[in-house]
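J.: With the sequence up front, the predicted model follows.
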Amino acid sequence: MGLFETLQRKAVKLGLLPKLLAALPLLSALTAVVSVVMILIIPMNGQYRNTYISENALMPSQAYSYFRETEWNILRGYRTEIEVLNSRGVSASDRYDIVAGWLNEFGAKTAVYRNEEMGDTLYGVLHAPRGDGTEAMVLCAPWNNSEGEFNIGGSALAIALSRYFSRWPVWSKNIIVVFSDNPSVALRSWVEAYHTSLDLTGGSIEAAVILDYPSNNDYFNYTEIHFEGLNGELPNLDLVNVAVHITQHEGMKVSLHGLPRSELEKNNYWSRLKLLFLGMKDSTLAGMKKAHGNEVFSGWRIQAVTLKARGEGQIDITTFGRIPEAMFRSINNLLEKFHQSFFFYFLLSPNNFVSISSYLPSAVLLSITFAIAAVDATVNNAYASALHITYTLLAALASVISLLVSFLVAHWFLYSTTSPLYLILGSVVLAVSPLVMSRSNNALREPVCYRMRTLGYIYYSLILTSLLMLNFPLAFSIGLFGYPMTLVKPLNIYSKSQMSLKLRNSVLLVISNPFVATWLICTVVENSEFPNLDVFAALFSAWKDLNCWTWFVLCLGWLPTWLLVTFSSFTSIPAAETTIEKKSN
Amino acid sequence: MESFRQEGRWSLLAVVCLAVTVRCAVTAMFPSLQQQLDQQVEFSTPMTSYKSLREGLFLLRHGLPVYSGGVVHQPPLLLSVFSRVPNCCHRYLYAVADGVVACQLMLVSRALFSRTPGQRRVPTWVVGLLFALNPLALLSCVSQSTVSLTNVALSSCVYCAVVLRNTWLSGVALAFASYLNVYNAVLAIPLFNAFNGARREVCLFTSVFALCLALLLLLSGSQGNGGAFDGSFLQATYGAMIRFESVAPNLGLWWYFFIEMFQEFIPFFKGVFNVFHVGVTPAIAWRFRGQPLYSFVISLLWLTLTKPYPTLGDTALCFAYLPLFAPLFGYLKYPLFSTLLFLHGVMLSPIFYHLWIDLGSGNSNFFYAVSLVYALALGSIIADFVWAMLRMEYDGGSPNYKRRLTQI
């Protein structure tokens, strides 16, 4: 304690605390900058690690894969049959009955899950010869893929693979083969039904592999692997590593986050940084973007990846089939659920990753940025010392009201057909209203403004902290894009250069508005996927169809703080003046 | 003066009505909330959960042995009281219980502030409102954890000792509180301070408390037995709590130690934890013997911090008393730090539990880390308030917030 005491006395002597308090706005900006810099440092040499298989039991590519030329003919046969089905225009339900017949031929138990609204799903269970039937692996081929293309290669591959699997005595986990109308809502409703209402089940699903091969060409060029789940969930890194390892072992190039072929060989700072940002973007927008199929398994402790064949080249379709084969051999070895390796990570290249300890501090710093802004709003004004319980209660009331308003806004736009344009217009009008309001309209007392800001920033800091483990990319993005809120300066009727301050505040408020910011960012980074105001429709359907709560994070996390900060930016009357007025009355 | 009284009466009635209505309304508006909260480790523990109470009621109504299954840990008299009320009406019982606490809080605050005029004070209705609308108290009440009932007993005890100054009644109330949670018996020690060292009163209080508790235990044991005493409930209720038999995750500091520890050391450390839990109370009571309510609340905070099965409902009661110490607020050194710590602990604990139990991407260390943050928050609140009271004593009772002192 001696050292601590000396330090404390020194600090008191030098008057460090008042200096520190005066520097709070600067400190707040500094933490935000450091937070971004820490993310930019991650792709540098020495900051990331090579991927490795953590669970010893997995042993990817240790067994020889036999899905080769002999199976190719069978695969082609099924593919021709499916093409015939498709060209004859067989209805969806008949189609599934015919495919179910094929699956029954080699001993799979099948059932069709009918869902009028979302789409039907056919699934078959191959019972494990060496297991107790309590665990399962899923092989899934959506009939149409995320782009709406007919997934002909994937479907044929899934049937041929299950026929091939059925002849093997090595399986210790059930194999469930699933065909659904589409990889998003239909598959999601099946996953939900599997865990709640279906009669034919095969035990708890450990892992799922989704096949996407939307062409009837025998040859393709490289493999895309998609893995980011809903609400910031990721599959265990071991499963992704196994997929990457096997794909590379079979001689294919791996593309993550949809990188084009020309960029796959690069591995330098900029390529890693690009992949890091693409990963953050894909994870933030998961559920809003077109689902590949692996997203829908989120929330049930299922590790899922999508394998997608891309381009035209030299690699044949059985090579693609050997990836799920070898992956299933690996998963089959597991004695426990996936628990080794990492659940929170970013891949900087197929073989490089960073774990949570490297990137979490930057989101923590963003949260601290807002906490410091809250302290600044409490301490650095004339109302810091006194208790002002009435003003604090008023501000607390304002917070509760803004939370209620946000709740209503969230539900109103979700369930009514009001155009989201009004959302943006309303926000902009609110943000610029201090510019046009006349002085006589001012009813706000200055201490209430400061208390509102304190509560707003504390709330935002809390939201960021609670999100940072659940959904780091989302936490980081809303922290960063909400940052201009801390720069908004309150002003009272005596402030100098009112107009320029007001203009500055309004601009800051417009760009940090949750809806305007979301719309702007999505237009810039994903213009092809979200033209016009489609991003809001995507947010609504992500919640309704997939249970992805990004919309509620925007409305219940970001909007209340924005409202509080906006109201605090209205010109206010200092508290002392009101008491003077009372006396004169 | 009369009008002030009148006004006080109306605001008192309004706040109590508000507390009861809000609780009933929340239960009515979100019918599934009770079950959800009952599954939250922050609001319900094996010792206090409504689910196990319902189980006990079912067994009791069907004439089956209640305690042999190892699920029910509620004392017998509580079960028999609840069995006389239809299940659908229990929620109103809980709402009324919280209303009573709010009312007693306001009466205590009025009595306290009228005795020390001129000090900085928080309006009576604010004290009541802070409890009535405290989300922790609200949700704890909606979860129908039996903590709410223990809170009524404790709050009545404070009310009888501070406002009525009735030795008998406070002894009886504390007996009820200890009957519901055996650790509350140590709160008798800070309550001695309320009698200003009058030996006769202390003896009276102790004997009333002991007699009443013994009577309650006797009644419980001989219930439905044709008069013969059956002590099996002691083991299932108090024994299970003291010996920490159900090692389940909660906000407390105990569970993680006992899932990690080697088998041989467990009995010894259970003893250590028990001593740690109750042993500090006499020291607090002795040091702050001039401040009966203060020593009681600090002891209560300490018990909440080191309980084997703590819930946020316990914390809500402790926090309800803090506005009564308004003169101390000016001395607090790091209130913002404690607040932020507490808020983060409370917000993150359900999230980390979800990551661990539901998603499987986290593990037990995540949740325990957050419960440590929560414990640190409570610890810093205790430390800060102790410092504030010591400063107040240094200033001789008349606050001088301007004077700067540093600790040695």
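T.: Yes, it's here.

J.: does the residue of the stretch 251-400 of chain B found nearest chain A count as helix, strand or coil?
T.: Proximity of the stretch 251-400 of chain B to chain A (Cβ to the nearest Cβ) peaks at residue B:361, 3.5 Å away. The C-beta positions use only the backbone N, C-alpha and C, and glycine is treated the same way. Following DSSP: H, G, I helix; E, B strand; the rest coil, the label given to residue B:361 is coil.

J.: Same check on residue A:112?
T.: Residue A:112 - assigned by three-state DSSP - is strand.

J.: quick one, what contacts it?
T.: Taking Cβ atoms under 8 Å, 6 or more residues apart in numbering or on different chains, we find residue A:112 in contact with A:93, A:96, A:97, A:100, A:120, A:121, A:122, A:123.

J.: Check residue A:451 too.
T.: Contacts of residue A:451 by Cβ under 8 Å, 6+ apart are A:378, A:388, A:391, A:392, A:394, A:395, A:396.

J.: Would you agree the residue of the stretch 251-400 of chain B closest to chain A is in contact with residue A:342?
T.: No - using Cβ atoms under 8 Å, residue B:361 is not in contact with residue A:342, being 9.1 Å away.

J.: coming back round to it: and chain B, which of the contacts of residue A:451 reach it?
T.: The subset of those lying close to chain B, counting by Cβ under 8 Å from any Cβ of the partner chain, consists of residue A:378.

J.: check which helix or strand covers residue A:123.
T.: Per DSSP states H and E: residue A:123 is located in strand A:121-126.

J.: Are the very next helix or strand once past that strand and chain B in contact anywhere?
T.: Downstream of strand A:121-126, the first helix or strand assigned by DSSP H and E is strand A:135-140. No - shown here: strand A:135-140 not in contact with chain B (Cβ under 8 Å from any Cβ), separated by at least 14.2 Å.

J.: residues in contact with strand A:135-140?
T.: With Cβ under 8 Å, 6+ apart as the test, strand A:135-140 has contacts from A:125, A:158, A:161-162, A:172-180, A:187, A:202-211, A:293, A:297, A:302, A:304, A:324, A:328, A:331-332.

J.: ok, it: who's next to it in the sheet?
T.: Sheet pairing for strand A:135-140, assigned by DSSP bridges, gives strand A:174-180 (parallel), strand A:204-212 (parallel).

J.: which of the contacts of residue A:112 has the weakest pLDDT?
T.: Lowest in pLDDT among the contacts of residue A:112 is residue A:93, which has 79.

J.: State the phi and psi torsions of the residue lying closest to it once chain neighbours are set aside.
T.: Of all residues beyond its chain neighbours, the one nearest residue A:93 is residue A:120 (6.4 Å), with distances taken as Cβ to Cβ, 6 or more residues apart in numbering or on different chains. Main-chain torsions, residue A:120, degrees, to the nearest 10: phi -80, psi 160.

J.: what comes up buried for stretch B:345-365?
T.: For stretch B:345-365, the neighbour count (16 or more other Cβ atoms under 10 Å in any protein chain shown) marks B:345-346, B:348-356, B:359-362, B:364 as buried.

J.: could you give me the average pLDDT of it?
T.: Stretch B:345-365 comes out at a mean pLDDT of 92.

J.: what about that stretch, distance to the chain center?
T.: 25 Å (Cα atoms, centre = their mean, to the nearest Å).

J.: if I've got this straight, residue A:171 is in a strand?
T.: No - according to three-state DSSP, residue A:171 belongs to no strand; its state is coil.

J.: That one contacts residue A:130, correct?
T.: Yes - the criterion here is Cβ under 8 Å, and residue A:171 meets it with residue A:130 at 6.3 Å.

J.: higher neighbour count, the two?
T.: Using other Cβ atoms under 10 Å in any protein chain shown, the more surrounded residue of residue A:171 and residue A:130 is residue A:171, with 19 against 10.

J.: Tell me which helix or strand comes right after the helix or strand containing residue A:500.
T.: Element membership of residue A:500, judged by DSSP H and E, is helix A:498-511. Next in sequence after helix A:498-511, counting helices and strands by DSSP H and E, comes helix A:514-525.

J.: Quick one: name the residues of the stretch 51-200 of chain B near chain A.
T.: For the stretch 51-200 of chain B, the contact set with chain A under Cβ under 8 Å from any Cβ comprises B:120, B:122, B:123, B:126.
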